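Q: After the sequence you'll find the predicted model.
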Amino acid sequence: MAFGIEMGLGLDGQGIGQPARLDLEELLATRLLVQGNSGSGKSHLLRRLLEQSAGHVQQVVIDPEGDFVTLAEAHGHLVVDGSHGEGDLQAIAARVRGHRVSVVLDLESLDMEAQMRAAAAFLGGLFEAERAHWYPCLVVVDEAQIFAPAAAGDVSDEARKIALGAMTNLMCRGRKRGLAGIIATQRLAKLAKNVAAEATNFLMGRTFLDIDMARAADLLGLDRRGAERFRDLARGEFVALGPALSRRPLALRIGPVTTSSRAASPTLIPLPQAADADLRAQILAPAEAGFAYPTRASR
């Protein structure tokens, strides 16, 4: 292993308690797919990978929920607001490649169609950068099923087409331009097959639906019995396979991280005392004239 970063500890057979490493140089020559249901620790895994490799390689994070902007303070990532126009985003992406700056493209304030267009423009700028600027770069796309959906949804066909095209370029043709795609999804069934199929490294976390377990097992070369193990994985546990990870399926537990998401983890907190008459009146008061509930795009 030329340069390995420690992802966590192995859980299988002879590897119990031994460091599980990811070969960063091998990853740059290949691609990685991460899958895990909500609450499986998928974002924690991406954060571990980003923290461990920060300072060793340029990083670009496509962040639909604003989870990774906290990397800016700890590791110097530049946060780019996705509300810039598409032309501006392409130009920013080209400059990012030229100056080898690590960035987080924050799409949290946008609706889904706008997120798809902004991500496509930024990925296009990275992809079309001058040949002299084809430096090695990790491109992490969280919630990849948004940008490479398996089927048409509530967005326009045009937006879906341009986003899917940008993701296909990243995964199919990005390697020659120094772009190593790392895509993460909650559900394999919602991710376009031609995008998922380009990955050669896999980290598969907890999943419960038969269709997702079957696809995960197929990608890892496991039989039906082996697919059942994905139901039993705990939060933060994944099965790894690929030239940058392990030649055989290896269960591992992801190590700790030093940064955190801005979103609070769901925990129980005491409820307030029963509402008195004044509080009841405040809550049930008629809405003020002209009041409109803020949409995501306007917040």
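A: Happy to help now that I have it.

Q: Going by C-alpha atoms from here, please, whenever you check contacts or count neighbours.
A: Fine.

Q: what's near enough to touch residue 188?
A: Each residue near residue 188 by C-alpha atoms under 8 Å, 6 or more residues apart in numbering is listed here: 35, 196, 212, 215, 216.

Q: switch the cut-off to 7 Å
A: The contact partners of residue 188, taken as C-alpha atoms under 7 Å, 6 or more residues apart in numbering, are 35, 212, 215.

Q: What is the nearest of those residues to residue 253?
A: Distance to residue 253, by C-alpha to C-alpha, is smallest for residue 35 among those, at 14.5 Å.

Q: Counting neighbours, what do you get for the closest one?
A: Residue crowding around residue 35 was assessed by other C-alpha atoms under 10 Å; the count is 26.

Q: try the one 4 residues further on
A: Taking other C-alpha under 10 Å as the neighbour definition, residue 39 ends up with a count of 14.

Q: how would you label it: helix, strand or coil?
A: With DSSP: H, G, I helix; E, B strand; the rest coil as the basis, residue 39 sits in coil.

Q: mind listing what it touches?
A: By C-alpha under 7 Å, 6+ apart, the contact list for residue 39 reads residue 235.

Q: for it, phi and psi?
A: The phi/psi pair for residue 39 (degrees, to the nearest 10) reads phi 90, psi 0.

Q: and if you look at residue 33?
A: When read as degrees, to the nearest 10, the backbone of residue 33 gives phi -120, psi 130.

Q: distance of it from residue 132?
A: 28 Å (C-alpha to C-alpha, to the nearest Å).

Q: So these two - more neighbours on which side?
A: Higher neighbour count among residue 33 and residue 132: residue 33, with 23 against 9, using other C-alpha under 10 Å.

Q: Bridged to that one, which residues?
A: Per DSSP bridges, the residues bridged to residue 33 are residue 183, residue 202.

Q: isn't it right up against residue 202?
A: Yes - contact criterion C-alpha atoms under 7 Å: residue 33 and residue 202 qualify, at 5.0 Å.

Q: so where's this structure uncertain?
A: 1-2, 13-16, 263-266, 274-275, 290-291, 293-299 (pLDDT under 70).

Q: Tell me which stretches of it form helices.
A: Listed in chain order, the helices of the chain (DSSP state H) span 24-28, 42-53, 71-75, 86-99, 112-127, 144-147, 157-173, 193-196, 210-220, 224-227, 229-232, 277-283.

Q: in the third one, what's buried?
A: Going by neighbour count (16 or more other C-alpha atoms under 10 Å), the buried part of helix 71-75 is residue 71.

Q: The residue most central in space within the chain: what's it in contact with?
A: Geometric centre of the chain, nearest residue: residue 142, 1.9 Å, by C-alpha atoms, centre = their mean. Going by C-alpha under 7 Å, 6+ apart, residue 142 touches 62, 63, 64, 183, 184, 185.

Q: Surely the fourth one is in contact with residue 33?
A: Just to be clear, that refers to residue 183. Yes - applying C-alpha under 7 Å, one finds residue 183 in contact with residue 33, separated by 5.1 Å.

Q: Tell me the spacing between residue 249 and residue 59.
A: 27 Å.

Q: my bad, residue 289
A: Computed as C-alpha to C-alpha, the residue 289 to residue 59 distance reads 47 Å.

Q: Show me which of these two is the more surrounded one.
A: Neighbour tally, residue 289 and residue 59, criterion other C-alpha under 10 Å: the higher count belongs to residue 59, 24 against 6.

Q: you'd agree the more buried one is up against residue 141?
A: No - the pair residue 59 / residue 141 is not scored as a contact, 10.9 Å apart, by C-alpha under 7 Å.

Q: follow-up on the earlier one: which of the contacts of residue 142 lies closest to residue 253?
A: Residue 253 lies nearest to residue 184 out of the contacts of residue 142, by C-alpha to C-alpha, at 17.2 Å.

Q: Pull up the gap between the closest one and residue 226, please.
A: Look at residue 184 and residue 226: by C-alpha to C-alpha, they are 22 Å apart.
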